[in-house]
Every structure is written in C-alpha cells, then in structure tokens.
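K.L.:
Structure, please.
(2 chains)
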Protein chains: 2
Amino acid sequence: MKSSQIKVSEIGEKGLIERIIEKSRTCSSCGFDNNTDLSNFATSIGDDSALTSVDMDDNSYLVTSTDMLIQSSHFPKGMTYFQMGYKSVVVNVSDLASMGAENIGFLLNIAIPKDMLLDDFDDLICGVIRACDNYNIPLIGGDTNEANEIIISGTAIGQVDKNKALMKYGFERGDLVCISDELGYAALGFELLALKEKDQNLYHEKIEKIKEIDSTIIDLALLKALKPEAKYDEGHILREHNTANNRISATDITDGLASEFYEILNSDRKYSNLNDSNSSNSYTKGIRIYEEKLPVEDEFKEIANILDLNYLDLFLHVGEDFELLFTINEELKDQLSTEMNYHVIGEITDDDTVEIVLSNGQIEKISSRGYQHLK
Amino acid sequence: MKSSQIKVSEIGEKGLIERIIEKSRTCSSCGFDNNTDLSNFATSIGDDSALTSVDMDDNSYLVTSTDMLIQSSHFPKGMTYFQMGYKSVVVNVSDLASMGAENIGFLLNIAIPKDMLLDDFDDLICGVIRACDNYNIPLIGGDTNEANEIIISGTAIGQVDKNKALMKYGFERGDLVCISDELGYAALGFELLALKEKDQNLYHEKIEKIKEIDSTIIDLALLKALKPEAKYDEGHILREHNTANNRISATDITDGLASEFYEILNSDRKYSNLNDSNSSNSYTKGIRIYEEKLPVEDEFKEIANILDLNYLDLFLHVGEDFELLFTINEELKDQLSTEMNYHVIGEITDDDTVEIVLSNGQIEKISSRGYQHLK
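P.N.:
Numbering: from 1, shown residues only, chains lettered A, B, ... in the order given. Presented below is the predicted three-dimensional model:
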C-alpha cells in the first residue's frame, strides 16, 4: 500500500539518478534482482557518458534507434506509470528487433513534473527496468529533467551482421507478405479506453454486450494497448534466414499495417533507384492481401460492430501492436512455421498498387491512412 | 527574407523527416553542403533504426550520452531556433569530449508544437546540422513528435580506448586542478538576458554603464549563453596524455564549477571504495583553489558589480560554459601548455574539504551549490 506523499522535487535530479541506478541493481518495490554482470556499467556510473564494452567486428553494423513518448499524445488515460516506463523500452527494442539486431544497451532520458509523487516515479522506473530485463538490454545511462508532463526519450543500441540486417526494402514479385501475429487489438484497446473516458455509461453498456460474446478479448485488447511487447525473438529468427539469395525484409507495425505497406514500397522504390538509375519510372511493385487470410477471429469482428467500428479499419489503419510485417520467399514458408508463429496474408505483386481481395471477391485499394504526428 | 507562413502541421511528421534528411546533405537556407561520405547512412534512411559502420575493437568502449533540452527550462528568451538546434548537439558532444571520445554519430529526437512555422523548424535543423558538421559527428537517425513546446533529446555515440577514457575519478593529492578556459561568461549572459526580459529600462541603463568598461564582454557573454561550444579537441589532447602512470581525470562544467568539484570528489570516493573496501572511512581528498589563479579579467569583475552580482558566484556556481574541469599531475604541466590553452587554478589536497584561498589571504569553504533540475 502506498502512503508516501513525497514529491520528486524533494529528492532532486541527482537523488533521482542515484535512485534509478540503485533500482537497476535491485528493487524492493517490484522485487527485481539483477543478476547480469554490471561491472562494466559500474565503471561509468555518474560519469559524463556511459561506457560499454561491445564485442563488434567489421562485419557488424551498430544499430541505433530513438523514440520519444509524450504523456499527452502517447499514454492513454488509464495507463499506469509502470506501463509508461515499460512501453518506453518496448518501442525502441521493437525498432531494433525489426532490423534483426542484438541488443547492447538502453539510454533513458526522462522529464517529469516537479510535483510528481516519488512513488509514481518509482513505478515508472520499475517499468523501465523490468522491460530492460525482459529484453536483455541493460540500462546503461541517461538523464533526468523537469517538464510540465512526462516525456520519455529512449535510445536503444544494438548490433547486427551487415549481411543479415532486416531492411524495409529488398523483396521481389511473388514474395509472401506476412505478419507475426494478429493485429487490431491495441487499436480496439485504445477505442475502449477512449470510450470509457468520454462516456462511462455507454462504455459499461457496450462492455456488457461484449462480455456476452467473449470477455477475454477485452483483457487482451487492453493489455495490447497498455503493455505492448516487442517481437525480439522473431526478429532474430528472421535475421538468421536472411541471405543474399533469400532476402527477407521486415519492419515493425507502429503506425498501422496499411501505412507500413506504403513505407516498405517507398523504401524499396528508393533502394531500386539507388541501384539502378534507369528504374525510377519503371518501379511497379505492389502488395495484394486477402481478407480471408487475415488472422481475425469472428468474435473480434462482432465486438468491432458493437463499438460501431469497422474491424478492417482496426486491422489496417491503426498501429501500436508492434507486430512485425515482413516478406519471405515461398521456399522459406514451411521451414519458418516450425520456428515461429506467423501468418501469410498476401504477396508482392507487379501491379503498382496496394489492394485487398475481400471475402466477397471484390478487390479494393488500400489507402495509406495511418497514424502520423504533426498532421 | 522570410515570407512563408507555412506551419509544420501542413507538412506532417514524414515530410519533416524527409526535410531533415535532405538538409543533412545540402541546405539552401544556410548554404550547407555536406562533403562527408553518407553512403553508409544512406542504406538505412527511413528504416526502423540507423545502421552505422564503426571501426571498433576489444580495446575500445562504446561511449554514449543523451541530453534533453526543453524550451521553457533550457532555452533563454532571445535564443534563436538555430541556436537551440546547435546547443542540442553541443551538450551531447561536450559529454563525449569530456571522456576523450571520438565521435561516431548523433541521433536527433525532436518534439515541436503543431503551429511552429516551417521556416523556424528549418532554422532549428540548420543549427543541428551545422553543429554536427563542426564537431564531425554525422546525424545518423532520429524521430519527430508533437508537443506543446520544443523538446530536443539528442544522443551522441562515440568510442574511446579503454585505457585512455577520461573518467571523473582517478586523481591523487598534489595533482593540479585545471580548467580549459575562462568561466562565468555564460552565467553573465543569462543574467543579461533575464534582466532584459524583466526590465528593459534598467537593462539599457546597465548596458550603457557596461559599455563604458568593455563592450566586447557583453557580446562574449551573450555568445557563450546562446551558442556555446564543446571542448572537443581539448578532450582528445587530454586523452592522449592519459596513461596508467599519469592519470588525467576530466568532466565538463555544466552545473557550475563548485558543483563539479563535489561531483569529481564523489566519483573518486566511490571508485576508491570499489577498489579498496577498507577505504570508505578514510577518504580525505579535497580541492583547494586560489582566487589569484582564476582566469578572470578585472573588467569582468567590474561588470558583475554593475549588475549587483558577485563575480565569484558567476564563476563558481553557474554552469553552461561547457569548459572542461580536469586534473593532471605536475610533470605534464609545461608539456600540455604547448598543446592547448588551459589554466591551473588549484590542487588536490588531503584536507577533506573544497576551499578557495582568497586574494586577501582568507580561506573560505566552497559550497556545492549549483544548478540542479527538479530541486
């Protein structure tokens, strides 16, 4: 039970940093006990920069990714401080995973309001540390600052074999378009949280109806919205199969599947142009997916209906599931299914368009609509 | 001349990222033309993470530093957008410089208000890119977001020889305490900017008086406050002289010289305890500096007086000059002065205190007071 009303301003920046370092070793509030070797980290604790020993050779790329989460735009109402901290690691690890990279370290840069309760700060840090532990990415450094709302800027550092990095580009007509798991649950969760915030009565009315169909979907949707996970292992499996003759491309789905389709085509077009200056006008690759192949339960569709939502909208045009979108060639299909869970939902075409073959046989163009900041 | 009233929201996140990538190659607004090899960077442009080739072996540490600058707390009124961008690189490069590290790359994570003018955004990015160019640290990746005010979280990545990294700790009694250049100018600049904001009439009155003494000091103070530079070359020179027998310790002065004195003693105490479990109660190192040795012009003292400020306060208790504080042993003194500008201001003692010998012969204890967020 929490009784403390101590504010972070009573501890101050330096005290908070000491607290983070302490918690990264062992934490009484969440029971965390770090067994990994921190001797290397210990050398530079409190110094101007973090020093990390890395085992890297000329055949590896250093892989870096940075993502900023801002309370008012990234954390839905109802998210706990622990979940905020956890998500700040996941979004960055997901970017590394989608390159097939091995994690090296995580830098946490956090700004918080002066009047934040120390207990809440502790919960947030527990979230960061637990996520770092889950993804085997040591917290190696960072900074704390003051702001009007919570801002967490994480930086994940990793490495990957130069020949095996999973780029967004590099697929051919006939390659299979795959996703690592079901999509749309986070989107459904966000809708539920927004409805709860807007109209409590309507929310409870809808929840009752949903429970008649499948109550576990509510839990799953809220879990995906509030505590997403990155597909770290899947990224590594794909990387191992990525060879010059059997190219695999991959990206994580953050802004929505449709938006990522256009992203990978855009990336592949640029790459093609870079390698063949004559190809700029002749790029005609496209993507075709099939409604029947989408991993969607009937209950999910019914629940979307209850909420007056189109399930395809949730599936295609909202992101934050952090599943992987990737392409493989036909030969790898069976082998890969013995190693990881995934779904083939379509293929790369030569039709210069992104389309879906609906269950009724109709073909519809998919728009690039997805989440984008500052628009 | 600027005529455009286009807002960043008309361009959107993806358009802005394209714009940053474009500007990092060549920029018509500031005339920048990048001649460095970007072929490696080009591979991962627009991908989930940045890929960088690094030439690193087992003898090197990966050096990482991240710093967040928030408009309302880090950017004084009167700072241009260009200067904001420039400073976001400098604060991170300064952390790498104070470890003696070689730069590898810079990640820019920026959040801006929706209604920011595109011209202003461009200026900010020009500042980032110009600073990256000056410090030879390529912009390798990043992210853009939306916030109520400008937030820039930068991450600098570098590398340093394990045996040569400049730590905060590792000095002995008798070692000389040195600073790389004059201090207090940034502090004076902040005071001038704050006064201008608070009372225009009084500001102009004071400025007139200051001009009678030395008008160049105003320019220098404002420059140090608005467009600081990092001591990158000096960090490298010190690193080269750092050997097991002749240990050099170093840190950059961000929160004030006095605060950094306590930081290095604290760091050295921890390091001593780590290496000698019996020493925890016997740590007695201290620092003594001499007012007469401080590089301060008489004009600076007079100007501080005009502003009703104590010059020693400006010198000791306000940071942001980004000069280096370092310790060397006596033998290196002459040799080093042929290679870089620096000032010996005191020595490491065995007196368990931080003190200043004033010009009148009195000895005063120096308090740890310095800038600290969330306090």
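
K.L.:
Could you point out the helix or strand that follows the longest helix seen in chain A?
P.N.:
Longest among the helix segments of chain A by residue count, using DSSP state H, is helix A:200-226. Scanning forward in sequence from helix A:200-226 by DSSP states H and E, the next helix or strand is helix A:232-241.

K.L.:
thinking again about what came up before, what residues of the longest helix of chain A count as buried?
P.N.:
For helix A:200-226, burial by neighbour count (16 or more other Cβ atoms under 10 Å in any protein chain shown) applies to A:203, A:206, A:210, A:213-214, A:217-218, A:220-222, A:224-226. In this view, the C-beta of every residue, glycine as well, is placed from N, C-alpha and C.

K.L.:
Also stretch A:288-297?
P.N.:
Neighbour-count burial for stretch A:288-297 flags A:R288, A:I289, A:Y290, A:E291, A:K293, A:L294, A:P295, A:V296 (criterion: 16+ other Cβ under 10 Å).

K.L.:
can I get those in CSV with pLDDT?
P.N.:
Shown next, in CSV, are those (pLDDT from 0 to 100):
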residue, pLDDT
A:R288, 98
A:I289, 98
A:Y290, 98
A:E291, 97
A:K293, 98
A:L294, 97
A:P295, 97
A:V296, 95
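
K.L.:
of all the residues you listed, which comes closest to chain B?
P.N.:
Distance to chain B, by Cβ to the nearest Cβ, is smallest for A:I289 among the buried residues of stretch A:288-297, at 20.9 Å.

K.L.:
so what's that closest one closest to, chain neighbours aside?
P.N.:
Once flanking residues are discounted, A:I289 sits nearest to A:G346: 3.2 Å by Cβ to Cβ, 6 or more residues apart in numbering or on different chains.

K.L.:
bridging residues for that neighbour?
P.N.:
A:V177, A:I289 (DSSP bridges).

K.L.:
list the contacts for it?
P.N.:
A:L176, A:V177, A:I287, A:R288, A:I289, A:Y290, A:K293, A:I356 (Cβ atoms under 8 Å, 6 or more residues apart in numbering or on different chains).

K.L.:
got the CA coordinates for stretch A:180-194 in CSV?
P.N.:
The C-alpha coordinates for stretch A:180-194 follow below in CSV (Å, rounded to 0.1, in the frame of the first residue of the first chain):
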residue,chain,number,x,y,z
SER,A,180,4.0,-12.0,-36.9
ASP,A,181,0.6,-12.2,-35.2
GLU,A,182,-2.9,-10.8,-35.0
LEU,A,183,-3.4,-7.1,-35.4
GLY,A,184,-6.0,-4.6,-34.2
TYR,A,185,-6.1,-5.5,-30.6
ALA,A,186,-4.2,-2.4,-29.5
ALA,A,187,-6.5,-0.3,-31.6
LEU,A,188,-9.5,-1.9,-30.0
GLY,A,189,-8.0,-1.3,-26.6
PHE,A,190,-7.5,2.4,-27.4
GLU,A,191,-11.1,2.7,-28.5
LEU,A,192,-12.3,1.1,-25.3
LEU,A,193,-10.1,3.5,-23.2
ALA,A,194,-11.3,6.5,-25.2
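
K.L.:
buried stuff in it?
P.N.:
Under the neighbour-count criterion of 16+ other Cβ under 10 Å, stretch A:180-194 has A:180-193 buried.

K.L.:
What of stretch A:142-160?
P.N.:
Across stretch A:142-160, burial judged by 16+ other Cβ under 10 Å covers A:142-148, A:150-160.

K.L.:
Relative to the whole chain's centre, how far out is it?
P.N.:
Computed by Cα atoms, centre = their mean, to the nearest Å, the chain-centroid distance of stretch A:142-160 equals 16 Å.

K.L.:
Pretty sure A:Q83 sits against A:K224.
P.N.:
No - A:Q83 is not in contact with A:K224 according to Cβ atoms under 8 Å; the separation is 11.6 Å.

K.L.:
hey, what's A:S65 bridged with?
P.N.:
A:A156.

K.L.:
so what's it scoring on pLDDT?
P.N.:
On pLDDT, A:S65 comes in at 95.

K.L.:
Over to A:I21?
P.N.:
A:I21 is assigned 83 on the pLDDT scale.

K.L.:
give me every residue that touches it.
P.N.:
By Cβ under 8 Å, 6+ apart, A:I21 lies in contact with A:I45, A:G46.

K.L.:
Quick check: phi and psi on it?
P.N.:
The phi/psi pair for A:I21 (degrees, to the nearest 10) reads phi -60, psi -40.

K.L.:
What's the separation between the nearest residue to A:F171 once chain neighbours are set aside and B:D47?
P.N.:
Setting aside the residues directly before and after it, A:F171 is nearest to A:T327 in space (Cβ to Cβ, 6+ apart), at 4.1 Å. Applying Cβ to Cβ, to the nearest Å, the value for A:T327 to B:D47 is 14 Å.

K.L.:
Then A:S337?
P.N.:
Remark: distance between A:S337 and B:D47 (Cβ to Cβ) = 26 Å.

K.L.:
Settle it for me: which of the two has more neighbours?
P.N.:
Ranked by neighbour count (other Cβ atoms under 10 Å in any protein chain shown), A:S337 and B:D47 place B:D47 first, with 25 against 12.

K.L.:
Isn't the more buried one up against A:N266?
P.N.:
No - the criterion here is Cβ under 8 Å, and B:D47 misses it with A:N266 at 11.1 Å.

K.L.:
Low-confidence ranges, chain A, go.
P.N.:
A:1-3, A:35-43, A:277-281, A:371-375 (pLDDT under 70).

K.L.:
What separation do you get for the spatially most central residue of it and chain B?
P.N.:
Geometric centre of chain A, nearest residue: A:F322, 3.3 Å, by Cα atoms, centre = their mean. To chain B, A:F322 is 11 Å away according to Cβ to the nearest Cβ, to the nearest Å.

K.L.:
Need the buried residues of helix A:200-226 in JSON lines (columns: distance to B:S72).
P.N.:
Formatted as JSON lines, these follow (distance: Cβ to Cβ, whole Å):
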{"residue": "A:Y203", "distance to B:S72": "36"}
{"residue": "A:K206", "distance to B:S72": "40"}
{"residue": "A:I210", "distance to B:S72": "43"}
{"residue": "A:I213", "distance to B:S72": "48"}
{"residue": "A:D214", "distance to B:S72": "47"}
{"residue": "A:I217", "distance to B:S72": "43"}
{"residue": "A:I218", "distance to B:S72": "40"}
{"residue": "A:L220", "distance to B:S72": "40"}
{"residue": "A:A221", "distance to B:S72": "37"}
{"residue": "A:L222", "distance to B:S72": "34"}
{"residue": "A:K224", "distance to B:S72": "34"}
{"residue": "A:A225", "distance to B:S72": "30"}
{"residue": "A:L226", "distance to B:S72": "29"}
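
K.L.:
Can you tell me which of those residues lies closest to A:E13?
P.N.:
A:L226 (28.6 Å; Cβ to Cβ).

K.L.:
Any figure for the gap between the closest one and chain B?
P.N.:
For A:L226 relative to chain B (Cβ to the nearest Cβ), the value is 20 Å.

K.L.:
wait, doesn't that residue sit right on A:M79?
P.N.:
Yes - between A:L226 and A:M79 there is a contact under Cβ under 8 Å: 5.2 Å.

K.L.:
Ramachandran angles for A:A50?
P.N.:
Phi and psi for A:A50, reported as degrees, to the nearest 10, are phi -90, psi 140.

K.L.:
Enumerate the beta-bridge partners assigned to it.
P.N.:
Under the criterion used (DSSP bridges), A:A50 bridges to B:T64.

K.L.:
Just give the number of residues close to it.
P.N.:
Quick note: A:A50 (other Cβ under 10 Å) scores 27 neighbours.

K.L.:
ok, it touching B:M99?
P.N.:
No - judged on Cβ under 8 Å, A:A50 makes no contact with B:M99 at a distance of 9.4 Å.

K.L.:
Tell me how chain A divides into domains.
P.N.:
Split into domains by automatic domain parsing, chain A comes to A:8-161, A:176-365.

K.L.:
Need the distance between the two termini of the first one.
P.N.:
Domain A:8-161 has its terminal residues 42 Å apart, counting by Cα to Cα, to the nearest Å.
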